[in-house]
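**Student:** got a predicted structure plus its sequence, pasted below:
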Amino acid sequence: MLKHQGHKIIRRRLSSLRRVRAAILLFGVSFTLMATVATIEYSSLLAARQAKEQMRPAPTPSNYLHVITRISPNTYFESDEGPSGFEYALLDRFAKYLGKELSITTTDSLADLFNRLERREAHLASAGLTATPARLDRFTFSVPYLESQPVVVYRVGNKKPRRPADLIDSEIVVVADSSHSAMLENMRKTHPEIQWRELNNVDYIDVLGRIEDGEFDYTLLDSTEFMLHRGFFPRVKKAFSIGEKASFAWAMPKSLEQSDLHRAANRFLEQIKSDGTLAKLEEQYYGQAVHINQVAANEFAKNIDAKLPLYRDNIKSIANEFDMDWRLLAAISYQESGWNPLAKSRTGVRGLMMLTLPTAKEVGVTDRLDPVQSLRGGAKYLTNLKRRLPKSIVEPDRSWFALAAYNVGMGHLEDARVITQKSGGDPSSWFDVKRSLPLLTQKKWHKTTRYGYARGYEPVQYVQHIRHYHNVLVWSEIARNWQPNEDSTNAFVRDFEFEQQEFKKTDMGVISANEVNGSTDAGLDSNSISITPNLKSAVEAKDGQKNNQPVKDKDSKEQANKEAIQINSAKTTLANSKESVASPASKAIQSL
């Protein structure tokens, strides 16, 4: 019996021992697995941290990123709302990426821009620059960030050229030292008879104005420039595309090739390409111009003079009541009624802001044909719509969403936002939602929405047209009232003086103390630093010289001729700025 009981005890002990061994084995396996996972996670974390460190630009002795550029609607300009322009938006983000403050200086001469960059007075130049072979000999360039197609433009009423050979025996003008000048130079290999003139210290808006006024027959410029500028010039049209597409990039001194700054710029541009930021910026600054046709742009340019003066004061006053940009309210009222207070649609909406009866009642309008009531009612309604939008939608998209709701209704706009979210887009981004709005015309999409079918392409066109009109009004106002800003010039000089001891010969410190101290040699004069060139000083300095602007054969052009053209341009601008002219485009040009 005892022996039997003993066997039971032994068995129990063996069974317990096996359980203990199994537990130890299981714990060992679990510990090994956990250690392996932890090792993998740590390795991944370390690799990610190292990658992040590699992406981070190296620290530099300066707190500023110094950039030289030109003033134009697509590069950089100062408006009531602060600095703006596509190039500025890129540069501002790049400066933040580097952890630096952005410091901008401007010049109206490409030759001056490149000379100052070559003298290492700036870290980089950004002005829609193409890496031509000649420029690559002097500078290094970032990876491209934008493509554009060079085009030939002409004045309606003149013979329309259809191929390069048609440019022979014509008055052609281009911006001096531009890629278009290089293109014409190359074209002479097959068409040696082609001649042209080059203008210094002018922008494309000035060149287009000369085409509009019949001073020259043709010019070459990039399609991006033409899209943004054509709203000023009712009689200027595209003739044909010429050459290969051009790629825009940032230019840097040759000594910075493969430097920390050069590599950081390339990483930044590749990053914003891959994450969609660049595409959204392109849409923000160029998207509205794509949707407007030449006829509509021309008609608007004419009506700025013909109709807007009748309502400008009321528009400004009412916009001020609702803390709106008056030019936006003007653009909306033009899109709605063409600035016709008696306008009426087939659906019964009426007045300057084309209000429906229910909307008019909602905002307290008793007479829809009264321009003041209509403007105030429309501004109030738009403000109410903007308040109803989610806080996640920020400016400038918030204004575009409110305009879309003004046109198609808040319900349909919300349907488009839902579709955008379901499709993986951002429902708070106009860039994404404007792609979803046209889907409301398709049954497979609108049958799943709360508010059903809508002509979703209409609010997209509506918003983009208003954005174009608004941009034209903003730039017209800036160009018309622009004056050289001596205070900003002096501030920029002081900025350089403050930093002169920091800018030694480092990887990113490209501005030397010698260049800062020698302000004349360094080009730190008021003509080149101020926002616009001091045309009056230029004219006075050359007063009495004979400026006959001879046709320049490219092979035999002389510096004296260049100066003659430059000063003649300045004199013409100063003289015409005092006269009353027919078109707003001419006024804008003469004020530059």
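**Tutor:** Cool, the structure landed. Numbering: from 1, shown residues only.
**Student:** can you point out the buried residues in stretch 109-129?
**Tutor:** Buried positions in stretch 109-129, judged by neighbour count with 16 or more other Cβ atoms under 10 Å: 109-110, 112-117, 119-129. (C-beta placed from N, C-alpha, C; glycine too.)
**Student:** filter those residues down to the ones in helices?
**Tutor:** Using DSSP state H, the members of the buried residues of stretch 109-129 that fall in helices are 110, 112, 113, 114, 115, 116, 117.
**Student:** could I get those as TSV with pLDDT?
**Tutor:** Below are these laid out as TSV (pLDDT from 0 to 100):
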residue	pLDDT
110	89
112	91
113	94
114	94
115	94
116	94
117	95
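**Student:** dump those residues to TSV, plus distance to residue 245.
**Tutor:** Shown next, in TSV, are those (distance: Cβ to Cβ, whole Å):
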residue	distance to residue 245
110	20
112	27
113	22
114	22
115	28
116	28
117	24
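**Student:** was I right about residue 98 contacting residue 263?
**Tutor:** No - look at residue 98 against residue 263 with Cβ atoms under 8 Å: they stay out of range, at 11.7 Å.
**Student:** name the residue in those two with the higher neighbour count.
**Tutor:** Comparing residue 98 with residue 263 by other Cβ atoms under 10 Å, the one with more neighbours is residue 98, at 23 against 16.
**Student:** sec struct for residue 226, please.
**Tutor:** Of the three states, residue 226 takes helix according to DSSP: H, G, I helix; E, B strand; the rest coil.
**Student:** what does the pLDDT read for it?
**Tutor:** If you check residue 226, the pLDDT there is 85.
**Student:** that one touches residue 151, doesn't it?
**Tutor:** Yes - Residue 226 lies in contact with residue 151 (Cβ under 8 Å); the separation is 5.9 Å.
**Student:** joint contacts of those two?
**Tutor:** Counting by Cβ atoms under 8 Å, 6 or more residues apart in numbering, the residues touching both residue 226 and residue 151 are residue 238.
**Student:** contact partners for the residue nearest to residue 85 when sequence neighbours are not counted?
**Tutor:** Closest residue in space to residue 85, ignoring its immediate chain neighbours: residue 76 at 4.3 Å, by Cβ to Cβ, 6 or more residues apart in numbering. Applying Cβ under 8 Å, 6+ apart, we find residue 76 in contact with 69, 70, 83, 84, 85, 87, 88, 91, 104, 106.
**Student:** restricted to helices, list the residues you listed.
**Tutor:** Counting by DSSP H, the contacts of residue 76 contribute 87, 88, 91 to helices.
**Student:** how much space between residue 310 and residue 151?
**Tutor:** Distance, residue 310 to residue 151, using Cβ to Cβ, to the nearest Å: 35 Å.
**Student:** more neighbours, those two?
**Tutor:** Of the pair residue 310 and residue 151, residue 151 is the one with more neighbours under other Cβ under 10 Å, namely 20 against 12.
**Student:** just checking, what packs against the helix or strand hosting that one?
**Tutor:** Assessed by DSSP states H and E, residue 151 sits inside strand 150-155. For strand 150-155, the packing partners by 3 or more Cβ pairs under 8 Å, 6 or more residues apart in numbering; DSSP states H and E come out as helix 179-187, helix 204-212, strand 218-222, helix 223-229, strand 236-241.
**Student:** need the next SSE after the last one, C-terminal direction.
**Tutor:** Looking back up the chat, that one is strand 236-241. strand 246-253.
**Student:** what are the pairing partners of that next one, and which direction each?
**Tutor:** The pairing partners recorded for strand 246-253 under DSSP bridges are strand 124-130 (antiparallel), strand 139-141 (antiparallel), strand 146-148 (antiparallel).
**Student:** which one of the ones you listed lies nearest to residue 443?
**Tutor:** Residue 443 sits nearest to strand 146-148 of all the strands paired with strand 246-253, at 36.6 Å, using Cβ to Cβ.
**Student:** element containing the nearest residue to residue 408 once chain neighbours are set aside?
**Tutor:** Leaving aside its sequence neighbours, residue 408 sits nearest to residue 459 (Cβ to Cβ, 6+ apart; 4.2 Å). Element membership for residue 459 (DSSP H and E) is helix 457-481.
**Student:** tell me which residues in that helix are buried?
**Tutor:** 459-479.
**Student:** which SS state does residue 198 fall under?
**Tutor:** On the three-state scheme (three-state DSSP), residue 198 is labelled strand.
**Student:** so what's it closest to, chain neighbours aside?
**Tutor:** What sits nearest to residue 198 in space, not counting adjacent residues and going by Cβ to Cβ, 6+ apart, is residue 176, at 3.8 Å.
**Student:** so who does that neighbour touch?
**Tutor:** Applying Cβ under 8 Å, 6+ apart to residue 176 gives the contacts 109, 110, 111, 198, 199, 200, 562.
**Student:** ditto for residue 194
**Tutor:** 164, 167, 168, 172, 184, 187, 188.
**Student:** swap the cut-off to 10 Å and go again
**Tutor:** Counting by Cβ atoms under 10 Å, 6 or more residues apart in numbering, residue 194 touches 164-165, 167-170, 172, 184-185, 187-188, 553-554.
**Student:** return the set of buried residues in the strand or helix carrying residue 313.
**Tutor:** Using DSSP H and E, residue 313 maps to helix 308-321. By 16+ other Cβ under 10 Å, the buried positions in helix 308-321 come out as 308, 311, 314, 315, 318, 319.
**Student:** what's the angle between that helix and helix 457-481?
**Tutor:** Counting by axes from the mean of the first three to the mean of the last three Cα atoms, to 10 degrees, helix 308-321 lies at 100 degrees to helix 457-481.
**Student:** now helix 308-321: average pLDDT?
**Tutor:** When pLDDT is averaged over helix 308-321, the result is 96.
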